[in-house]
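>>> Sequence plus predicted model, see below.
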Amino acid sequence: MQFNIKHISRTLFLLTVLSGSLLIGGCDRQKPPSPPPPEVAVMTVQPKQAVLTTELPGRTSAYLVAEIRPQVNGLIQKRLFTEGSDVQAGQVLYQIDSSPFQVVLNNTKAALNRAEASLPSIRSRAERYKELLADKAVSQQDLDDAVSAMNQSEADIQYWKAMVETAHINLGYTSVTAPISGRIGKSNVTDGALVTAYQPMALSTIQQLDPIYVDVPQSTTELLRLNRHLKDGRLNQNESSQKKAKLFLEDGTAYPIEGTLQFRDVTVDPTTGSVIMRIVFPNPQGVLLPGMFTRVVVEEGVNEQAVLIPQQAVSRDLKGNPIALIVDAELKVQQRMLTLDRAIGNEWLVSSGLIFGDRVIVEGRQKVRPGSIVKVVLLDTEPKDGAKPAVQSRTGGGM
């Protein structure tokens with residue numbers, strides 16, 4: 001019996017120790033392991049070259065415009081052009097009845113001939129009187145009268161020469177010609193219409209369409225911003241490229257030929273607060289017509305140290321301010337408030353808030369908060385060789 005009691009006690013002791021070990025092992029299995037830090041994809045901010053452009057609305061206008069008006073009174077005998085066709089400078093457009101003007105020209109020529117025919121006799125008389133006056137054969141008054149008659153005859157000749165020239169000019173005005181080459185519009189008069197010199201209504205209008213103007217309004221706010229960026233050294237301007245412009249038609253089609261900036265007006269329109277830039281575009285095919293609305297892309301300059309980040313790396317706070325998340329040297333997430341200049345393709349041009357070398361979170365933003373510890377991986381598009389890709393924008397606007 002004594003042996004059995006000792007055996008039982010030893011067995012109970014072993015069972016107690018075993019159960020304690022089992023309990024300890026069970027507690028160890030219930031404790032969860034620490035989760036790994038979330039993984040985010042980042043891009044390192046590096047200086048890039050960005051060609052900054054601005055897209056502005058514009059309207060086309062003819063390079064030259066000439067309103068055709070008669071310079072003499074008369075009856076339209078014939079219209080000598082096809083409406084809507086191209087005409088050349090000097091081409092006769094209308095023929096006004098020339099008969100009255102021909103008669104006037106003939107009369108003035110006859111009067112000129114009569115004055116020229118009488119001059120030799122009057123001149124001879126004046127010369128004889130000069131000789132006779134030395135012999136006291138004529139009086140001084142007779143000589144003065146003869147010289148005066150000679151001068152009057154010479155003046156009459158000059159007068160009738162001028163009248164002949166005037167009549168000849170008026171006769172030429174009966175053929176109404178094109179002052180410039182271009183495309184002529186519809187005719188406002190028909191054959192048989194009576195017209196007057198310099199009448200208010202134009203007979204027709206000629207417009208030169210090649211080249212053609214595009215007038216683009218630029219706000220003074222944009223102009224001041226551009227000047228400020230140039231003064232601060234953010235932009236570099238190339239004189240040759242600054243004068244080039246691209247054009248897009250109303251349907252979004254790109255016009256194949258570049259234009260040249262001719263001038264920027266210095267007067268601000270008080271109703272719109274803008275100045276007009278006039279750009280000249282070649283128009284050999286006649287695609288551009290006066291009055292068309294277009295979109296013009298003009299180059300502002302080149303930012304050699306631009307900060308560009310993908311648009312997906314930028315979010316907005318409750319007030320709508322743009323923000324980005326970066327990873328610092330301790331692998332902690334920090335929030336940065338940004339100032340955005342404009343969108344360039346699928347990237348934002350950042351004016352302030354980031355510096356070169358910052359690691360901006362592009363993917364995995366929804367899994368982290370400021371202060372979180374993260375694991376960093378590089379984007380596949382991250383440049384491995386430190387190159388500075390050139391970036392060109394088609395649209396621009398202040399943010």
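Thanks, I have it.
>>> which stretches of the chain form helices?
Under the criterion DSSP state H, the chain contains helices at 2-30, 99-134, 140-173, 220-232, 239-242.
>>> Compute the mean per-residue pLDDT across the longest one, please.
What that stands for is helix 99-134. Per-region confidence: helix 99-134 scores 89 on mean pLDDT.
>>> What are the buried residues along it?
For helix 99-134, a neighbour-count test (16 or more other C-beta atoms under 10 Å) marks 100-101, 104-105, 108-109, 111-112, 115, 119, 122-123, 125-126, 129, 133 as buried. No exception for glycine: its C-beta is placed from N, CA and C like everyone else's.
>>> which secondary structure elements does that helix contact?
Applying 3 or more C-beta pairs under 8 Å, 6 or more residues apart in numbering; DSSP states H and E, we find helix 99-134 packed against helix 140-173.
>>> and the helix it packs on, what does it pack onto?
Against helix 140-173 (3+ C-beta pairs under 8 Å, 6+ apart) you get helix 99-134.
>>> what angle separates the helix it packs on from helix 140-173?
For helix 99-134 against helix 140-173, the angle by axes from the mean of the first three to the mean of the last three C-alpha atoms, to 10 degrees is 160 degrees.
>>> what distance separates helix 99-134 from the middle of the whole chain?
65 Å (C-alpha atoms, centre = their mean, to the nearest Å).
>>> repeat for stretch 209-218
7 Å.
>>> try stretch 293-303
7 Å.
>>> before we move on, what about stretch 56-68?
The answer for stretch 56-68 is 13 Å, by C-alpha atoms, centre = their mean.
>>> CA atoms of that stretch as CSV?
Extracted in CSV, the C-alpha atoms of stretch 56-68 (Å, rounded to 0.1, in the frame of the first residue of the first chain):
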residue,chain,number,x,y,z
LEU,A,56,-5.0,80.2,-75.6
PRO,A,57,-8.1,80.8,-77.7
GLY,A,58,-7.7,82.8,-80.9
ARG,A,59,-9.6,84.0,-84.0
THR,A,60,-8.4,84.3,-87.5
SER,A,61,-8.5,87.5,-89.6
ALA,A,62,-7.4,88.3,-93.1
TYR,A,63,-3.8,89.4,-93.7
LEU,A,64,-5.0,92.2,-96.0
VAL,A,65,-8.5,93.5,-96.6
ALA,A,66,-9.6,95.9,-99.4
GLU,A,67,-13.1,97.2,-99.8
ILE,A,68,-13.8,98.0,-103.4
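>>> Mind listing what's buried along it?
Here stretch 56-68 shows 56, 58, 60-63, 66, 68 as buried, counting by 16+ other C-beta under 10 Å.
>>> would a markdown table of the residues you listed with pLDDT and distance to residue 160 be doable?
A markdown table is the format used below for the buried residues of stretch 56-68 (pLDDT from 0 to 100; distance: C-beta to C-beta, whole Å):
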| residue | pLDDT | distance to residue 160 |
| --- | --- | --- |
| 56 | 88 | 61 |
| 58 | 92 | 56 |
| 60 | 94 | 51 |
| 61 | 94 | 47 |
| 62 | 94 | 43 |
| 63 | 94 | 43 |
| 66 | 95 | 34 |
| 68 | 95 | 32 |
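>>> Next, format the residues you listed as TSV and append distance to residue 278.
Shown next, in TSV, are those (distance: C-beta to C-beta, whole Å):
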residue	distance to residue 278
56	12
58	10
60	11
61	9
62	12
63	10
66	19
68	25
